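1. Make a model of this:
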Amino acid sequence: MIGTAIKSDDKELDKRIINFCDLPDDVLFSIFRKLDIKSLSTLCRVCCRLKDLLSSDHAWVLFSHNFNVIHFEEDVLPLKEKFRISHNREKGTCHESLLANFSKRQMPWMQYHNGNLWVSSKNEIQSYSPGRGKQLKVNKKNNPYKLQRDVTKFVTKEDRIVSGCLDGSIHIWEAGGTHTVVEKAHPLDTQAVDCHNGILVSGSRDATLKVFRLQSDNYSGITGVEEKCCFPVGDRVWSLTLSQCGSFCACGTAFCEGDAPISLLDLNKQCAVNQLGTEHKIGAGVLDMQYENEHTLLTCGYDTFIHMWDLRINRCICSWEQRFDSAYYCLKSDGHMNIFAGASRHGLVDLWDKRKTSKPVQSFYIGHQNSPVYSLAFDSKRLYAALDLQVKILDFSCYQ
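-> Predicted coordinates for the structure are as follows:
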């Protein structure tokens with residue numbers, strides 16, 4: 001409390017007691033900069049005005065170096081809440097809940113898009129959306145996303161769902177409900193797919209990667225699918241991804257045959273431009289991959305590492321090793337500093353900070369001993385993990 005004596009014009013002494021909370025905003029923010037996070041948290045409970053000021057991003061931006069927040073496109077949370085969730089995530093403080101149970105073991109795939117979580121189960125792709133209390137609940141409407149055989153991997157992009165199938169076909173659903181099937185796209189199962197601006201790529205167990213052009217109009221949606229080219233990649237395709245511009249495709253194989261497990265393809269020139277991972281051991285195939293940007297690629301697989309590749313020099317510039325010598329089945333990056341990776345055993349998900357390579361920031365055990373993590377997704381508050389028998393949610397926004 002600050003006491004001052006103010007002399008008025010009529011020479012009467014007007015004594016006033018000025019509270020700390022009566023100081024101007026800019027003065028208070030200058031004081032906030034001198035305090036630590038614990039003191040700021042205490043000030044939040046003093047009065048409504050201080051609570052409002054300390055809820056603004058301006059009060060917390062100076063502490064950005066203390067927290068590594070998840071970068072998420074749809075995130076509208078205030079900075080204070082992001083920091084709190086980041087602190088919970090790195091300390092392993094979360095609420096674990098069950099989203100779905102499977103009657104038999106399977107290899108589910110998952111995507112998060114526009115506030116909805118999409119999960120494959122056998123020959124269906126099920127949609128989950130936030131209900132009351134922001135809990136994810138299965139959509140009650142009839143689910144039109146069904147295939148003739150089991151789903152392999154799928155993507156949700158540009159208001160489309162594109163899925164591979166065990167019978168070698170490719171299924172495409174548009175926002176308007178139009179369903180297009182590319183029959184016999186491959187003679188064997190279609191293991192991975194991706195799409196961008198009317199370009200569709202698919203990889204198969206037949207050791208080929210195919211590129212298709214989607215023909216469409218503004219009224220009928222997709223009117224046809226034309227095969228543009230086919231690339232032999234040396235072995236069974238397990239993963240692929242398109243660059244952000246859609247001009248390049250990276251493809252990961254089983255690497256039992258061929259020169260390298262990763263092939264880089266130029267779709268405009270319709271040719272292979274390079275191969276990565278020649279130093280991998282035979283059988284150390286690539287199970288998942290993601291472009292960070294046009295020049296950086298993340299991969300993981302049976303060699304028990306996450307690798308970051310600089311495509312300008314075609315070299316691995318950083319790697320993160322699974323400390324229990326387990327394969328990494330899947331990875332998901334926020335494009336900034338955070339990488340989640342799902343291991344082949346113990347239902348284990350590792351959170352890596354790209355600036356630290358010695359050990360993960362945190363590890364989450366969410367399954368039984370033999371439970372692989374086949375797919376991951378996340379939003380600003382939660383991590384979703386698809387295991388062999390269930391889908392789990394870790395909510396880091398809980399208060400402890």
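
2. which element is the most centrally placed residue in the chain on?
-> The structure's the chain has its C-alpha centroid closest to residue 332; by Cα atoms, centre = their mean the separation is 4.2 Å. Residue 332 is part of strand 328-333 when elements are defined by DSSP states H and E.

3. Residue 317 against residue 311, yeah?
-> No - when contacts are counted by Cβ atoms under 8 Å, residue 317 is not listed as touching residue 311 (10.3 Å). No exception for glycine: its C-beta is placed from N, CA and C like everyone else's.

4. Pick out whichever of those two has more residues nearby.
-> With neighbours defined as other Cβ atoms under 10 Å, residue 317 and residue 311 compare such that residue 311 has more, 19 against 10.

5. Nearest residue to residue 390 in space, please, no chain neighbours.
-> With Cβ to Cβ, 6 or more residues apart in numbering as the criterion, residue 390 has its nearest non-adjacent residue at 5.0 Å, and that residue is residue 101.

6. just to revisit the earlier point, ok, now how distant is the spatially closest residue to the residue nearest to the centre of the chain that is not a sequence neighbour from residue 348?
-> With sequence-adjacent residues excluded and distances taken as Cβ to Cβ, 6+ apart, residue 332 is closest to residue 376, at 4.4 Å. For residue 376, the distance to residue 348 (Cβ to Cβ, to the nearest Å) stands at 12 Å.

7. shared neighbours of these two, which are they?
-> Between them, residue 376 and residue 348 share the neighbouring residues residue 342, with contact defined by Cβ atoms under 8 Å, 6 or more residues apart in numbering.

8. can you list the weak-confidence ranges in the stretch 101-250 of the chain?
-> Applying pLDDT under 70 to the stretch 101-250 of the chain flags residues 131-135, 140-143.

9. show me where it has strands.
-> For the stretch 101-250 of the chain, the strands defined by DSSP state E, counting those that start in this stretch cover 110-113, 116-121, 124-130, 136-138, 151-157, 160-165, 170-174, 179-182, 190-196, 199-204, 208-217, 221-232, 237-242, 248-253.

10. any chance of those in a markdown table, with distance to residue 30 and mean neighbour count too?
-> Formatted as a markdown table, the strands of the stretch 101-250 of the chain follow (distance: least, Cβ to Cβ, whole Å; neighbours: other Cβ atoms under 10 Å):
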| stretch | distance to residue 30 | mean neighbour count |
| --- | --- | --- |
| strand 110-113 | 41 | 20 |
| strand 116-121 | 44 | 21 |
| strand 124-130 | 40 | 17 |
| strand 136-138 | 43 | 16 |
| strand 151-157 | 47 | 22 |
| strand 160-165 | 51 | 24 |
| strand 170-174 | 54 | 22 |
| strand 179-182 | 60 | 17 |
| strand 190-196 | 48 | 24 |
| strand 199-204 | 54 | 25 |
| strand 208-217 | 57 | 17 |
| strand 221-232 | 58 | 14 |
| strand 237-242 | 47 | 25 |
| strand 248-253 | 49 | 25 |
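
11. can I get these in a markdown table with distance to residue 40?
-> Shown next, in a markdown table, are these (distance: least, Cβ to Cβ, whole Å):
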| stretch | distance to residue 40 |
| --- | --- |
| strand 110-113 | 32 |
| strand 116-121 | 34 |
| strand 124-130 | 30 |
| strand 136-138 | 33 |
| strand 151-157 | 39 |
| strand 160-165 | 44 |
| strand 170-174 | 48 |
| strand 179-182 | 53 |
| strand 190-196 | 44 |
| strand 199-204 | 49 |
| strand 208-217 | 52 |
| strand 221-232 | 52 |
| strand 237-242 | 41 |
| strand 248-253 | 44 |
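
12. Who does the closest residue to residue 110 other than its chain neighbours form a beta bridge with?
-> Nearest residue to residue 110 in three dimensions, chain neighbours excluded: residue 375, at 4.1 Å (Cβ to Cβ, 6+ apart). Beta bridges link residue 375 to residue 386 when assigned by DSSP bridges.

13. related to what we said a few turns ago, so between residue 376 and residue 348, which is more surrounded?
-> Just comparing residue 376 and residue 348: by other Cβ under 10 Å the higher neighbour count belongs to residue 348, 24 against 21.

14. circling back to that earlier point, what angle sits between whichever helix or strand comes after the strand holding residue 332 and strand 328-333?
-> The first helix or strand that comes after strand 328-333 along the chain, using DSSP H and E, is strand 338-343. Orientation check (axes from the mean of the first three to the mean of the last three Cα atoms, to 10 degrees): strand 338-343 against strand 328-333 gives 160 degrees.

15. I'd like to check the angle between whichever helix in the chain runs longest and strand 338-343, please.
-> Across the chain, the longest stretch assigned as helix under DSSP state H is helix 79-91. Compare the direction of helix 79-91 with that of strand 338-343 by the same axes, to 10 degrees and you get 30 degrees.

16. who does helix 79-91 touch, helix- and strand-wise?
-> helix 57-60, strand 362-365 (3 or more Cβ pairs under 8 Å, 6 or more residues apart in numbering; DSSP states H and E).

17. try it again with 10 Å
-> Using 3 or more Cβ pairs under 10 Å, 6 or more residues apart in numbering; DSSP states H and E as the contact criterion, the secondary-structure elements in contact with helix 79-91 are helix 37-43, helix 57-60, strand 348-353, strand 362-365, strand 390-395.
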